[in-house]
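Peer 1: The sequence and its predicted three-dimensional model are supplied below.
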Amino acid sequence: MVWTWSVAFLPRVVTTIILLAVGFLISNWVARNARAVLARTGHIDATIQPVIAAIIRYSILIFVFIAALSQIGIQTASLFAILGAAGLAIGLALQGTLTNIASGIMLLWLRPLRLNEYIEVPANNISGTIKEIGLFMCVLETFDGITIFAPNSAIWNSALRNHSRSSGRLISLVVTLPNSADVAKATQIVTTTLLSDSRVLKSPQPLVFVEAQGPNGIVLNCSFHVQPDKVGEVQRTVIDDAERQLKAAGVETLTPQQIARVVPADADPSRIMTSQSLPSPIN
């Protein structure tokens, strides 16, 4: 009986194993080449290329699995009926995974983020540059080179800040000068310094105005916009540039007592006025 069973069934088992192995290799090869073809065409958004490749791979694997079951004599019609009955239990057990898939679809559909954009999800302490958007998770890279694998639901279900989507980012400085300083000349020097910097946007024009005057000196507010990818670089150098230009004027009263970078409040009039003249966001 064992010999009869082996002769009749063993070839099917071997064929099934070979079919599964070949199908697995073919699915990986097709998905890899499909992604390369999509990248070369230039007509498919790079954000959805990994997802299309993953869908192709899993579709091939499903067909191979069905063919393998038929090879060993399992009736797929009855199997699908069993799987349908167990679908509810499987869905409840994998509800977190299904949530990630649904969130990934919404991220790809509504596009709140794209590849190489810097995002921040404060509620879940997630921030970094988008490297890949998958069916289950997004791959991000922090500024110091750490890779983050974030579930799609953690990004989709919370407020998201996209630092790269706007065409300009606001930077604001406060410069404290002695009360005896020539305010008009100081304003002209700071404005010229900002306009001469190629990283500073000329539209809207930088604003330099007296924010306060008290016993400790005159406080100038300097608000200007820069390109999103230049924010960190400008923040590291603009204070030194402003101090150097004020000292270079050769007037002792123009020597700044303090220069600090501040973040204007949302209701700050200078922030509202400058943001209204910003060009439209980058598509």
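Peer 2: Cool, the structure landed.
Peer 1: which stretches of this protein form strands?
Peer 2: Using DSSP state E, the strands of the chain run over 118-121, 126-133, 137-141, 147-151, 161-162, 169-177, 207-214, 217-226, 258-262.
Peer 1: In a markdown table, list the ones you listed along with mean pLDDT, mean neighbour count and distance to residue 100.
Peer 2: No exception for glycine: its C-beta is placed from N, CA and C like everyone else's. Formatted as a markdown table, the strands of the chain follow (pLDDT from 0 to 100; neighbours: other Cβ atoms under 10 Å; distance: least, Cβ to Cβ, whole Å):
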| stretch | mean pLDDT | mean neighbour count | distance to residue 100 |
| --- | --- | --- | --- |
| strand 118-121 | 92 | 20 | 14 |
| strand 126-133 | 91 | 19 | 12 |
| strand 137-141 | 92 | 20 | 7 |
| strand 147-151 | 93 | 15 | 5 |
| strand 161-162 | 90 | 14 | 20 |
| strand 169-177 | 88 | 20 | 31 |
| strand 207-214 | 87 | 15 | 45 |
| strand 217-226 | 89 | 22 | 36 |
| strand 258-262 | 85 | 14 | 38 |
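Peer 1: Low-confidence bits of the chain, can you list those?
Peer 2: Within the chain, the ranges that satisfy pLDDT under 70 run 1-8, 42-43, 74-95, 266-283.
Peer 1: related to what we said a few turns ago, could you dump the strands of the chain to TSV with distance to residue 32?
Peer 2: Below are the strands of the chain laid out as TSV (distance: least, Cβ to Cβ, whole Å):
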stretch	distance to residue 32
strand 118-121	27
strand 126-133	15
strand 137-141	17
strand 147-151	21
strand 161-162	30
strand 169-177	38
strand 207-214	52
strand 217-226	40
strand 258-262	47
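Peer 1: neighbours around residue 62, how many?
Peer 2: When neighbours are counted by other Cβ atoms under 10 Å, residue 62 registers 12.
Peer 1: State the distance from it to residue 104.
Peer 2: Separation of residue 62 from residue 104 (Cβ to Cβ, to the nearest Å): 19 Å.
Peer 1: so what's residue 136 closest to, chain neighbours aside?
Peer 2: residue 100 (4.8 Å; Cβ to Cβ, 6 or more residues apart in numbering).
Peer 1: Next up, the contacts around residue 163.
Peer 2: 117, 118, 119, 120, 169, 228, 231 (Cβ atoms under 8 Å, 6 or more residues apart in numbering).
Peer 1: Please name the residues that touch the third one.
Peer 2: With Cβ under 8 Å, 6+ apart as the criterion, the residues that contact residue 119 are 113, 126, 127, 128, 130, 140, 155, 160, 161, 162, 163, 164.
Peer 1: picking that back up, of the strands of the chain, which approaches residue 37 most closely?
Peer 2: For residue 37, the closest of the strands of the chain is strand 126-133, at 17.7 Å, according to Cβ to Cβ.
Peer 1: Summarise which helices and strands the closest one is packed against.
Peer 2: Under the contact definition 3 or more Cβ pairs under 8 Å, 6 or more residues apart in numbering; DSSP states H and E, strand 126-133 sits against helix 49-71, helix 95-110, strand 118-121, strand 137-141, strand 147-151, helix 152-156.
Peer 1: Could you point out the bridge partners of residue 133 in the sheet?
Peer 2: Assessed by DSSP bridges, residue 133 has beta-bridge partners residue 138.
Peer 1: Figure out how far stretch 10-25 is from the centre of its chain.
Peer 2: Averaging C-alpha positions (Cα atoms, centre = their mean, to the nearest Å) puts stretch 10-25 41 Å from its chain's average.
Peer 1: Tell me the buried residues in it?
Peer 2: Across stretch 10-25, burial judged by 16 or more other Cβ atoms under 10 Å covers 16, 19, 20, 23.
Peer 1: which residues sit against that stretch?
Peer 2: 60, 61, 63, 64, 65, 67, 68, 71, 72, 73.
Peer 1: now do stretch 138-150
Peer 2: Contacts of stretch 138-150 (Cβ under 8 Å, 6+ apart): 107, 113, 119, 121, 124, 126-132, 137, 152, 155.
Peer 1: Show me how the chain divides into domains.
Peer 2: Under the assignment automatic domain parsing, the domains of the chain span 2-93, 111-162, 169-276.
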